[in-house]
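Peer 1: below is the sequence, then the predicted model.
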Amino acid sequence: MPSTRLANLIDGRLQAPVDNRWLDIHEPATGVVFAHCPDSTAADVDAAVKSAQKAAPGWASMPSEERARLINRLADLVEARLEEFAALESRDSGKPVALARRLDIPRAVSNLRFFAAAIIAWDSESHAMESGAINYTLRRPLGVVGCISPWNLPLYLFTWKIAPALASGNTVVAKPSEITPCTAALLGELSIEAGFPPGVLNIVQGRGPTTGQAIVEHPAIKAVSFTGSTRTGASIAATAAPQFKKVSLELGGKNPAIVFADADLSDQNLDTIVRSGFANQGEICLCGSRLLVQRSIYDSFRERYLARVKALRVGDPEEASSDLGALVSREHFDKVMGCIAQARDEGGQILIGGHALSPTGRCAEGWFIAPTVIDGLPNETATNQQEIFGPVVTLIPFEDEADAVAIANGTGYGLAASLWTTDLSRAHRMGAQLDFGIVWINCWLLRDLRTPFGGTKQSGVGREGGAEALRFFTEPRNICIRY
Ligand code: NAD
């Protein structure tokens with residue numbers, strides 16, 4: 001089945017892995033294998049790094065306008081094939097095609113365009129000294145960098161990394177998740193059409209512990225930008241530290257959505273609160289999986305919330321009517337089902353869902369789970385401490401502001417919080433007290449690509465987005481001239 005075999009992109013050419021070994025790629029909605037992905041080894045990574053090293057001086061010295069032009073051309077090519085990308089992303093990940101069409105692929109295009117524009121507008125600092133000297137900062141690309149991304153927002157997060165890395169003049173060895181490799185492979189093909197010089201963008205497909213590890217270990221890779229689980233992030237940090245590599249780690253979360261009695265609970269806001277728990281089957285690192293509700297409105301809120309969750313339609317991701325699709329893999333499906341069983345063992349009351357679903361027709365064997373809402377578990381339980389990363393939300397009552405802050409901050413993670421209140425002073429106060437990299441007030445997943453993006457505690461190290469990403473991918477040098 002040569003047509004279903006994805007290729008690596010190394011040195012500007014589509015290539016099979018050196019060992020000619022392949023991984024099965026499943027369609028989560030059906031459980032059927034529909035493609036094969038290179039199971040690359042350290043030899044493939046080394047070939048990519050060598051090509052990237054060769055391309056680095058030319059790419060770094062190319063005027064930023066020219067780099068931006070190529071990145072914009074790639075964005076145009078992706079946009080022109082938006083439908084194809086959306087269908088492929090949906091097939092590969094199980095997410096509704098409507099979501100891929102509305103969110104994933106347009107955002108990938110925006111990521112490319114945003115950093116193409118940002119690099120042209122980027123300036124550097126200068127500091128004059130009264131004693132008769134002036135300092136300025138030269139920001140140089142690092143050389144060859146590694147970008148490793150997860151399966152939940154495949155092309156969205158892949159481009160979020162490679163766009164700033166390329167724009168700031170680095171050459172790249174990138175690896176998407178081996179669970180969802182398809183759209184990155186197609187992007188690689190389009191990068192040839194866009195006219196990127198060979199070796200500037202290399203995409204090496206394969207498993208984390210082999211291909212990913214080889215990227216992180218390679219001595220010529222100067223920095224690693226990683227998004228994925230906290231456990232993998234810790235392993236990458238341990239590998240990179242003795243080589244003094246720069247790392248940017250965007251990791252897991254256990255995010256609170258906090259609803260105060262004074263919140264404007266319009267239908268639109270309630271829909272956003274529901275979406276914040278269940279969008280993309282809850283497989284978004286920013287999803288609010290702990291829903292904290294002030295006790296005085298707990299019962300009435302719960303009733304309205306559950307009615308809305310009940311109305312969510314789970315089904316074939318290809319159907320426009322499906323709000324939720326399938327979970328990404330059999331393994332992840334088993335993990336989430338295990339978390340639901342653990343919640344039961346801990347004494348949680350399943351208010352809705354809590355079981356697998358088997359849609360009729362072509363999706364009968366797919367990995368679907370009903371949206372699940374659990375009540376009655378204290379914040380200290382494993383269910384409320386561990387990232388589940390599925391369509392599972394727990395409800396937790398709180399008394400007042402101090403209680404809400406204590407519960408919200410009472411996890412090892414610190415990625416994102418959302419807060420629903422009409423009290424302006426409270427919003428500002430809590431914005432400062434919540435120990436999270438992002439605090440959304442009366443909204444969720446509203447993203448401005450210029451803002452710092454990342455988490456505290458076990459949610460990661462460093463920030464992506466805007467100038468933060470460009471700083472990460474460059475080395476500043478202070479030049480001091482006496483006059
Ligand atoms: P994962 O850690 O299993 O894998 C992520 C990537 O790392 C994959 O490409 C994988 O092949 C690779 N990898 C695995 N082991 C490696 C190793 N030893 N060395 C190098 N690379 C390795 O994560 P996942 O299951 O794909 O993604 C889900 C996780 O990602 C969740 O925890 C979620 O919260 C997190 N996430 C975080 C953000 C964020 O911005 N903070 C965004 C999306 C997802």
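Peer 2: Structure received. Residues are numbered from 1 along each chain as shown.
Peer 1: surely residue 418 meets residue 436?
Peer 2: No. In this structure, residue 418 is not within contact of residue 436 by C-beta atoms under 8 Å, at 9.5 Å. C-betas here are computed from N, CA, C, even on glycine.
Peer 1: now do the shared contacts for those two.
Peer 2: Common contact partners of residue 418 and residue 436 (C-beta atoms under 8 Å, 6 or more residues apart in numbering): residue 255.
Peer 1: neighbour-wise, which of the two wins?
Peer 2: Neighbours per residue (other C-beta atoms under 10 Å) separate residue 418 from residue 436, with residue 418 holding more: 28 against 22.
Peer 1: let me know the helix or strand that the more buried one is in.
Peer 2: Assessed by DSSP states H and E, residue 418 sits inside strand 416-420.
Peer 1: buried residues in the helix or strand that that strand is followed by?
Peer 2: Next along the chain after strand 416-420, taking DSSP H and E as the criterion, comes helix 424-433. By 16 or more other C-beta atoms under 10 Å, the buried positions in helix 424-433 come out as 426, 427, 430.
Peer 1: could you pick out which of those are near the ligand?
Peer 2: Subset of the buried residues of helix 424-433 in contact with the ligand: empty, counting by C-beta under 6 Å from any ligand atom.
Peer 1: pick out the residue nearest the middle of the chain.
Peer 2: When C-alpha atoms, centre = their mean is applied to the chain, the residue found nearest the centroid is residue 157 (4.7 Å).
Peer 1: wait, doesn't residue 255 sit right on residue 417?
Peer 2: Yes. Contact status for residue 255 versus residue 417: in contact at 6.1 Å, counting by C-beta under 8 Å.
Peer 1: near the ligand, which residues of the stretch 251-400 of the chain?
Peer 2: Neighbours of the ligand within the stretch 251-400 of the chain, by C-beta under 6 Å from any ligand atom: 251, 252, 253, 285, 387, 389.
Peer 1: if I look at the closest residue to the fourth one other than its chain neighbours, how far off is residue 277?
Peer 2: In this case it means residue 285. Excluding the flanking residues, the one nearest residue 285 by C-beta to C-beta, 6 or more residues apart in numbering is residue 253, at 5.1 Å. According to C-beta to C-beta, to the nearest Å, residue 253 stands 13 Å off from residue 277.
Peer 1: quick check: mean pLDDT of the longest helix seen in the chain?
Peer 2: Longest helix in the chain, counting residues (DSSP state H): helix 42-61. Mean pLDDT, computed over helix 42-61, is 98.
Peer 1: that helix - contacts with which helices or strands?
Peer 2: Judged by 3 or more C-beta pairs under 8 Å, 6 or more residues apart in numbering; DSSP states H and E, helix 42-61 is in contact with strand 8-10, strand 133-141, strand 144-148, strand 171-175, strand 201-203, helix 213-217.
Peer 1: using CSV, list the CA coordinates for it.
Peer 2: Below are the C-alpha coordinates for helix 42-61, written out as CSV (Å, rounded to 0.1, in the frame of the first residue of the first chain):
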residue,chain,number,x,y,z
ALA,A,42,18.5,7.9,15.2
ALA,A,43,20.0,7.5,11.7
ASP,A,44,17.1,9.4,10.1
VAL,A,45,17.3,12.1,12.8
ASP,A,46,21.1,12.4,12.2
ALA,A,47,20.5,12.8,8.4
ALA,A,48,18.0,15.5,9.1
VAL,A,49,20.3,17.3,11.5
LYS,A,50,23.2,17.2,9.0
SER,A,51,21.0,18.7,6.3
ALA,A,52,19.7,21.3,8.7
GLN,A,53,23.3,22.2,9.7
LYS,A,54,24.2,22.6,6.1
ALA,A,55,21.2,24.9,5.4
ALA,A,56,21.6,27.0,8.6
PRO,A,57,24.1,29.7,7.5
GLY,A,58,22.2,30.5,4.3
TRP,A,59,18.8,30.6,6.0
ALA,A,60,20.1,32.7,8.9
SER,A,61,21.6,35.3,6.6
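Peer 1: how far away from the center of its chain is it?
Peer 2: Counting by C-alpha atoms, centre = their mean, to the nearest Å, helix 42-61 is centred 25 Å from the centre of its parent chain.
Peer 1: pull out the buried positions in it.
Peer 2: Neighbour counts over helix 42-61 (16+ other C-beta under 10 Å) mark 42, 44-53, 55-56, 59-60 as buried.
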